[in-house]
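Trainee: Build me a model:
(chains A, B and C)
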Amino acid sequence: MAVGNGRPYLSIRNVNKFFGGFQALKDVSLDVFPGEFVCFLGPSGCGKTTLLRAIAGLDIQDNGSIAQAGTDISALPPSRRDYGIVFQSYALFPNLTVAENIAYGLVNLGRDKAAIRARVAELVALVSLRGQESKYPAQLSGGQQQRVALARAIAMSPGLLLLDEPLSALDARVRINLRGELKHLQRRIGVTTIMVTHDQEEALAVADRIVVMNHGVIEQVGRPDEVYRNPATAFVADFVGHMNFLPATRGDSGVVRVGGVELRADLAGVTASSGGAITVCLRPEDVQVRGLQPQQPNVLQAEITSLEFLGAFCRAELRLGSAEDLGLAADFSINAMRDLDLRIGKMIPVALPPDRLRVFDAEGSAHG
Amino acid sequence: MKRTKDKSLRRSGSVAVGALALAVAFSADAEAKTVLKVYTALEEEHMPIYEEAFEKANPDIDIQWQRDSTGVITARLLAEKDNRQADVVWGLAATSLMLLDKNGMLDAYKPQGFDQIKDQFKDTRAEGPTWVGMDAWAAAICYNTAEGERLGIPAPASWADLLKPEYKGHIVMPNPGSSGTGFLTVSAWLQLMGEKEGWGYMDKLHENVNSYLHSGSKPCKSAAAGEYLIGISFAYPGVALMNEGAPVQVILPTEGIGWDMEATAIMKGTPHLEAAKKVADFSASAEANALYNEYYQVLARKDVAAKVPENYPANEGDMLISNDFYWAAASRDAILAEWQKRYGSKDAPKS
Amino acid sequence: MTDTSLRTAAFPASRAIRPIAGAEEWVQRLLIVLLACWLLVVILLPLTVLFRKSMENADGAFIGLANFAAYFRDPALVQSLFNTLTVALITTVITIVLAFGFAYAITRSTIPFRNFFRSIALVPLLAPSLLPGLALVYLFGNQGIFKSWLFGESIYGPIGIVIGEVFFALPHAVMIIVTALSAADQRLYEAAESLRTKPFRIFMTVTLPGCRYGLVSAAFVVFTLAFTDFGVPKVIGGQYNVLATDVYRQVIGQFNFQMGAVVGLLLLAPAVLSFAVDRIVQRKQVALLSARAVPYQPKRRPAIDTVCLALCILVSIFVLSILGMAIFGSLIKFWPYNLTLTLAKYDLSVGGAGGWASLWNSLIMASLVALIGPAVVFGGAYLVEKTKVWPWARMAAHFLAMIPLAVPGLVLGLAYIFFFNAPGNPLGFIYATMAILVVNTVGHFYTVCHLTAVTALKQVDAEFEAVSASLKVPFYKTFWRVTVPVCLPAILDIATYYFINAMTTVSAVIFLYSTDTKLLSIAAVNTDDAGNTAAACAMGTMIVAISAAARLLQLAVARALRTRTQAWRGP
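Mentor: Below is the predicted model of the structure:
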């Protein structure tokens, strides 16, 4: 994917949107590149849907601009923009068949019937709904309805595909299958796509880039692995994946003090001065329990206080030996469990690798 | 298919407009004849007979009736004072017409055959008559003979009889506020007995009255149906019910009876003045008076020999008091206010 | 890439956006303006004129509140106010108790024929409000079959009014309370029972609180109906004056339009109050029932079921005997002296006040209303609910659409005379035509229809318009191709509601009809006024029959519709 190269397909600049006294979008700027699959990720009320609806012209921003394919579309009504959209509810027309739903926009263009039939057949095949053409939406499963909505949205070959929580109404298993198909389909037709979701796993799975939003502000834009591994803010760290947050104070020269223990960590970008309050973050899967080297830094004694079997791994609650009230979640593989005979009450040495520790100022403001 | 659907899209707009136009069309005749709006309080069953006779004589005029009871039609005419709808009034109480006249709503016109109208039946002022009478209807007592027999209460013969204690709770009469008959009855008592005595009479009568009803004919019909023993009303409904076999007797009290005229007038400002005059002429004609005589005994014209309708009290003409319509019309507001003050707040009917 | 690098791009920052309105938006704005104008003309302007009239003297000069002062100095008129409050309160108490018991029986007991009982309770909706009055004359009048039951009291007065109003208001209360009681969560009862709560305590702590908003709402509806109804007191009120008959008498009998306007406004006041309270209550009721609630399944409770059955039978007898007596009365040759059965009273050409023409007028009027009403109401509700243009205009239209619920028909009719008959009103040409009756009736019953339409539209996916716009299909095509078919059952409901109300209404149109446009319901009032109770019963019965036919037709069409659209509506 040629991300970051060439001219952006969609340019969002300094967009603000108010609902009464509530500011839903605060000076949001973003570029989306041709063919990209971008996810807006964030908790409900973070502004991701508002931003999508501003792009669609459904709730036009109060100020700031949006340009699509080089044209300023900021003030255009939805009907004069170029996109297809899939809503969480799918908004399928219940009294029209699958084929009629898909052909809805095409018929209005006044294309001849044979051309429409051919295009509908093509789309039906694309979303694997052959044989369902004459059924009504109510006769389809949720996943099938979602495909119909998708086919309808891309029927007119729009320049932009907008997906507003398209998978959230589905069962977990269907959702996982469909998101794969969605990604595959998007690759095939190459349409620039924006998907809104609150499900970080979904965003990580399908997106070329993730835009993490909170309180109307973009917290971070980046590839899934970047966002996961290098969360720009404590919020992103918390929202994407599981994360331990340990209250700490800044020590001298690359040292943080957690409870009674001093740990080495990368303090770049931390503004707190020595002795200032900071937060140290660590993902549970980064807690190292096997293959500890004798000179390895940041090794602590910990007591396993609880174990939760989660199938492929176990999540352990650890109490760090030196501090009574300092808890830490750690994920251990089933192999490690067996090999090290881990059980509740056992004291074990664990390492908190310095390169996996992320440090933020205590208020949660982050370095970039 | 598609095109027809698209067309009907604006249905919320165009259907409404179209249907409204349709509704207007329903109410307006598209004929070339002169259409006259005639307001009336005539009995429903008399109207087609009068209309047919008139339109036979005047084939170029089409009558469009606006009918209601005396009170309603008078109220409507007054409400439309600044937005006149009616061209002619044919068949409304003279006191009501005087009220309209007082508001300057009537045109003076002396119809053909005006000389043949009895003096008491026409507006005799020098500046020309604004209204001309047709016939008289007069107060009467309807008495249910079957109920009377069952209760052992004899028929009254006079207004004074109605004060007798045995009639307590058995009398209904029209409310003068809403009924023309009610008003003419009250105004007659005041004229017969004088104001003080008249109100005194009504105070005592009030003790015996069960209810004041809103129409002039209902007391008689209620009496005929045995709902009440005695209804103060006018003769016509009693006679009609008697002819149908109801156990009812129509009594003209010996002291004399109040009465009013059905009368005709031309509305000032009508664009169809000539046609309106034709109605006034016809209404005052001997031919029309003969038609009135099918239902009423006392007629406006001197030269029509009035016959007595079947079962109609023969002496009605002799019993009429000499009614001062101008006084009645002028005092109308005051009388109604006084009546309302004295008897209007009766909570519940006496049983 | 960071935000700072983006901010330096070629676009000027902080530019206020003025959305460009496309052709469709302009069409929507035009329609919204038309809707608002329509609502202004049919509702607000007439009421404004009525207000002004109440502060004028007979010559049209402004005299402030002098008319009101005069009103409160007149003991007879003040007595009417007191009387009206009395009967309305008593009616409310009796109706709510009966309706609650009845609704409880058909939602919470296992008695047989619950649907049948429910239909019986709704029968009064099909009748003009003077019908119970007429029937009571035959049942309890001085020649009535059950006169002795009143222990010497007269039916003409508060007793008759209250009985008639209970009949008239019962279905409204039953419908509201049934809805409230249906929204019960089985799990609450299971929880209460698992805690071994006594049945009476369950009733007091779960059942009653669960439907208290419904009860309050029903109480206000009944109070307003009883407070403003004209038909019942007109027929059976006797000397017991109430405000509704006062308005009529002030205007019709005493030509006192100003005082009529004053009484009209008094009539409006409590209705407005109850309307306001009702709105507040409605707002609180939102989401009483969570989506996961389990519908209540009544269990057999022999003792309670027996009481429920007895109550249902009693209420049904009450309703049916009133309707039956009106029908019977219409078939009697000459009550009480000649009890031969005859259909003669159904021959409207004989001595009737309006003749067959009034029947045709009613049918034409009701049909036009059933045609125009749903088109205007549904189209209007769509604009209010589904478009995005001019929020203030849509809110204004919605607010205007709510007003008629608080305006008694009599007041609206009076306001129409003053407004449409005012000199210089360019709309004056519809005065005394069928058009004014249609316009008035559509306006008079606007609110319930509007709310029905809004409710139906709320259930339609909120994004159809957005999807349609993204597919470049104009909104009106989607309206016609999707929204209307999806909402057809509701539209049918609205049409039937309009038709039946247009057949039965008396109060608003009694000031507005002309001889050419006299309606059957008005003919029935006039006929009774003239003392022909049996003929009035015949007319009332005809109205019931036509309304019932309309309702049955609706049920048949709805069923056919369900069968045809089952494929896409789902089970």
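Trainee: Now do the strands in chain B.
Mentor: Along chain B, the stretches classed as strands by DSSP state E are B:34-40, B:61-67, B:88-93, B:106-107, B:131-144, B:171-174, B:209-213, B:230-234, B:248-251, B:259-267.
Trainee: Who are the packing partners of the first one?
Mentor: To tie it back to what came earlier, the one meant is strand B:34-40. For strand B:34-40, the packing partners by 3 or more C-beta pairs under 8 Å, 6 or more residues apart in numbering or on different chains; DSSP states H and E come out as strand B:61-67, helix B:70-79, strand B:88-93, helix B:273-283. Every C-beta, even on glycine, is put in place using the N, C-alpha and C of the backbone.
Trainee: what about it, average pLDDT?
Mentor: What strand B:34-40 shows for mean pLDDT is 91.
Trainee: How about stretch B:67-84?
Mentor: 81.
Trainee: need the contact list for C:Ala432.
Mentor: B:27, B:66, B:85, C:512, C:514, C:517 (C-beta atoms under 8 Å, 6 or more residues apart in numbering or on different chains).
Trainee: what about the stretch 351-500 of chain C, any weak spots by pLDDT?
Mentor: For the stretch 351-500 of chain C, the stretches with pLDDT under 70 are C:351-354.
Trainee: Skipping adjacent residues, who's closest to the residue in the stretch 201-350 of chain A that chain B sits nearest to in space?
Mentor: Nearest residue of the stretch 201-350 of chain A to chain B, counting by C-beta to the nearest C-beta: A:Val206, 38.7 Å away. The shortest distance from A:Val206 to any non-neighbouring residue, by C-beta to C-beta, 6 or more residues apart in numbering or on different chains, is to A:Lys183 (4.5 Å).
Trainee: The helix or strand harbouring that neighbour packs against which elements?
Mentor: In the assignment (DSSP states H and E), A:Lys183 maps to helix A:172-189. Other elements packing on helix A:172-189 under the criterion 3+ C-beta pairs under 8 Å, 6+ apart are helix A:113-126, helix A:142-154, helix A:200-206.
Trainee: Just say which of those helices is most tucked in.
Mentor: Ranked by mean neighbour count, these are led by helix A:142-154 with a mean of 24 (mean count of other C-beta atoms under 10 Å in any protein chain shown).
Trainee: re the thing from before, would you mind giving the helices and strands packed on strand B:34-40 as TSV with mean neighbour count added?
Mentor: As requested, the helices and strands packed on strand B:34-40 are exported to TSV (neighbours: other C-beta atoms under 10 Å in any protein chain shown):
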stretch	mean neighbour count
strand B:61-67	20
helix B:70-79	24
strand B:88-93	28
helix B:273-283	21
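Trainee: Between these, which one is closest to B:Phe54.
Mentor: Among the helices and strands packed on strand B:34-40, helix B:273-283 comes nearest to B:Phe54, with 5.1 Å by C-beta to C-beta.
Trainee: List of residues touching the closest one?
Mentor: B:34, B:36, B:38, B:53-54, B:57-58, B:60-61, B:63, B:87-88, B:90, B:107, B:109, B:111-113, B:132, B:134, B:264-267, B:270, B:288.
Trainee: just to revisit the earlier point, could you redo the helices and strands packed on strand B:34-40 as JSON lines and give each row distance to A:Asp355?
Mentor: Listed next are the helices and strands packed on strand B:34-40 as JSON lines, based on distance: least, C-beta to C-beta, whole Å:
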{"stretch": "strand B:61-67", "distance to A:Asp355": "98"}
{"stretch": "helix B:70-79", "distance to A:Asp355": "93"}
{"stretch": "strand B:88-93", "distance to A:Asp355": "106"}
{"stretch": "helix B:273-283", "distance to A:Asp355": "108"}
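Trainee: Dead centre of chain B: give me the residue that sits there.
Mentor: A centroid search over chain B (C-alpha atoms, centre = their mean) returns B:Thr70, at 4.6 Å, as the residue closest to the centre.
Trainee: how close does the residue nearest to that residue when sequence neighbours are not counted sit to chain A?
Mentor: Take B:Thr70 and drop its neighbours on the chain: the residue closest to it by C-beta to C-beta, 6+ apart is B:Gly180, 3.3 Å away. To chain A, B:Gly180 is 61 Å away according to C-beta to the nearest C-beta, to the nearest Å.
Trainee: burial count for B:Gly180?
Mentor: Residues near B:Gly180, counting by other C-beta atoms under 10 Å in any protein chain shown, number 26.
Trainee: pretty sure it is touching B:Ala94, no?
Mentor: No. Contact status for B:Gly180 versus B:Ala94: not in contact, 9.9 Å apart, counting by C-beta atoms under 8 Å.
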